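1. quick one, what's the 3D model for this:
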Amino acid sequence: MKLNVAIIGSGKSAAEHHIPAYLRIPETEIVAIAGADSERARSVARQFGIKAVYDDYAVMLKRRRLHLVSVCTGASEHKDAVLSALSREAHVLCDMPMALNAEQGKAMLDAAGKADRLLVFAAPRRFEAQATAVRQAIENRDLGDICLSIAWARQKTIPGEDYWQIKSKEGGGALSVCGQEMLDLALWLVGDAPISVSGQLFHRFSKNPDIPKTWFGSRRELDAEDLAIAMIRCRNTLVSLEVDWLSSTDDAGVQIVGAKGRGCTSPFRMEFTGKGQFMDMTPTFFPETRAWDEQVRCFIDASLGHRKPFPDPQQTLRVQQLCDAIRQSSASGGEVLLPEA
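-> Alright, predicted model coming up:
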């Protein structure tokens, strides 16, 4: 018997990541898709042979008996979509950013606990082969005691997909859309507990008419940040974050600096100290992996009780709390202590 899957949302994440991953897993069958943009939803359904299309995900959830639901909407819709899916006894895989804020995120996790259903937030960068190799080097102590984790995500221009430039849609701009996943990766690699945050957000696009307009809506509507800088103090390490939507290149990665070496996910590089100098220990052959396939496979196995959920949803909530704290720090101009610190 196959596991029935439904997709909420019909944008880039659904079409390029979630749906292809499920289709490559023989135990699952995508039985329905729902999207507010009915024309786009029907186009995606035709592309992948999904028979049932709905304009309203609430109707889909009511009419279909589902085991698994992927939520691929904007963050402003995550809470309601997740709660609806959980109420229909489905396990849920939801995109990042987690929610508009940590309060919404906690409500979602509480609902999953009450429903006794799995709720996982997608973090495919953890499944990339380069990240796995760096994590293994850290666990093997090849890098020694970790001092610093440097995370970044840079793009040449503001994304044109959906309404990422409006805070009410995604909870923020660059920090929410790109920063959360890189911050999640950096914290997972170092495995340290964050204590406090200092950050600053910048809004350059709306004030500079010379910057080409590539986003939906008007320049006047753009109220989300296009540059975010943050420093997170952990118990034993520091984590820095830079997210920039006005860069000379498109790139994202994490570099880990330790007492005995360093590792970087992009470009992938491993350097260890030996005989008084750094030695390049980057593998000459490195197998490619389909990170989204691994993410969805992990979600399915966890829903069946074959393994623990990965990432741990509490870790995702912690990242959301950090992003909230970065915004608070930017507004106040001071360091923000985290709630449990």
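2. can I get the helix or strand where residue 184 lies in CSV, CA atoms only?
-> Taking DSSP states H and E as the criterion, residue 184 maps to helix 180-190. Taking C-alpha atoms only, helix 180-190 is exported to CSV below (Å, rounded to 0.1, in the frame of the first residue of the first chain):
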residue,chain,number,x,y,z
GLN,A,180,17.2,30.9,8.2
GLU,A,181,18.5,27.9,6.2
MET,A,182,22.1,29.1,6.4
LEU,A,183,21.8,29.8,10.1
ASP,A,184,20.3,26.3,10.6
LEU,A,185,23.2,24.8,8.8
ALA,A,186,25.9,26.7,10.7
LEU,A,187,24.4,25.8,14.1
TRP,A,188,23.9,22.2,13.2
LEU,A,189,27.6,21.9,12.1
VAL,A,190,29.0,23.4,15.2
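3. contact partners of it?
-> 96-98, 123, 125-126, 131, 134-135, 138, 146, 149-153, 194, 230, 232, 234, 237, 239, 241, 243, 252-254, 256, 265, 311, 315-316, 318-320, 322-323 (C-beta atoms under 8 Å, 6 or more residues apart in numbering). The C-beta positions use only the backbone N, C-alpha and C, and glycine is treated the same way.
4. so which of those belong to strands?
-> Using DSSP state E, 146, 149-153, 194, 230, 232, 234, 239, 241, 243, 252-254, 256, 265 are the members of the contacts of helix 180-190 that sit in strands.
5. and those residues, which are buried?
-> Buried members of the ones in strands among the contacts of helix 180-190, scored by 16 or more other C-beta atoms under 10 Å, are 146, 149-153, 194, 230, 232, 234, 239, 241, 243, 252-254, 256, 265.
6. ok, residue 172 - contacts?
-> Taking C-beta under 8 Å, 6+ apart, we find residue 172 in contact with 97, 201, 224-225, 323, 327.
7. ok, now with 7 Å
-> 224-225, 327 (C-beta atoms under 7 Å, 6 or more residues apart in numbering).
8. which residues of this protein fall in helices?
-> Ranges of helices in the chain, per DSSP state H, are 12-13, 19-23, 38-48, 57-63, 75-87, 102-115, 129-139, 167-170, 174, 180-190, 291-303, 313-332.
9. who does residue 53 form a beta bridge with?
-> Beta bridges link residue 53 to residue 33, judged by DSSP bridges.
10. so it makes contact with residue 30?
-> No. Applying C-beta atoms under 7 Å, one finds residue 53 not in contact with residue 30, separated by 11.3 Å.
11. of the two, which one has the most company?
-> residue 30 (22 against 18; other C-beta atoms under 10 Å).
12. quick one: low-confidence residue ranges for the stretch 201-341 of the chain.
-> Residues of the stretch 201-341 of the chain that meet the criterion pLDDT under 70 lie in 211-221, 276, 286, 340-341.
13. repeat that with 90
-> 203-226, 245-249, 272-289, 339-341 (pLDDT under 90).
14. likewise for the stretch 1-150 of the chain?
-> By pLDDT under 90, the low-scoring segments of the stretch 1-150 of the chain are 1, 74.
15. just name the most buried of the helices of the chain.
-> Of those, the one with the most neighbours on average (mean count of other C-beta atoms under 10 Å) is helix 174, at a mean of 27.
16. check which helices and strands that helix sits against.
-> The contact analysis (3 or more C-beta pairs under 7 Å, 6 or more residues apart in numbering; DSSP states H and E) places helix 174 against no helix or strand.
17. ok, residues contacting that helix?
-> Helix 174 has contacts (C-beta under 7 Å, 6+ apart) with 225-228, 243-245.
18. now that helix: mean pLDDT?
-> When pLDDT is averaged along helix 174, the result is 91.
19. tell me the gap between that helix and the middle of its chain.
-> 12 Å (C-alpha atoms, centre = their mean, to the nearest Å).
20. same thing with stretch 251-267?
-> For stretch 251-267, the separation from the chain centroid amounts to 19 Å (computed by C-alpha atoms, centre = their mean).
21. can you list the residues that contact it?
-> Stretch 251-267 has contacts (C-beta under 7 Å, 6+ apart) with 128, 130-131, 134, 137-138, 142-154, 182, 185-186, 189-190, 269-273.
22. re earlier: output the contacts of helix 174 as CSV; include the columns distance to residue 82.
-> Below are the contacts of helix 174 laid out as CSV (distance: C-beta to C-beta, whole Å):
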residue, distance to residue 82
225, 25
226, 28
227, 30
228, 25
243, 25
244, 30
245, 27
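23. let me know the closest of the residues you listed to residue 290.
-> For the contacts of helix 174, the residue nearest residue 290 by C-beta to C-beta is residue 243; the value is 25.1 Å.
24. show me what contacts the closest one?
-> Neighbouring residues of residue 243 by C-beta under 7 Å, 6+ apart: 153, 174-175, 178-179, 228.
25. tabulate those residues (JSON lines), appending distance to residue 299.
-> Formatted as JSON lines, those follow (distance: C-beta to C-beta, whole Å):
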{"residue": "153", "distance to residue 299": "23"}
{"residue": "174", "distance to residue 299": "27"}
{"residue": "175", "distance to residue 299": "25"}
{"residue": "178", "distance to residue 299": "22"}
{"residue": "179", "distance to residue 299": "23"}
{"residue": "228", "distance to residue 299": "28"}
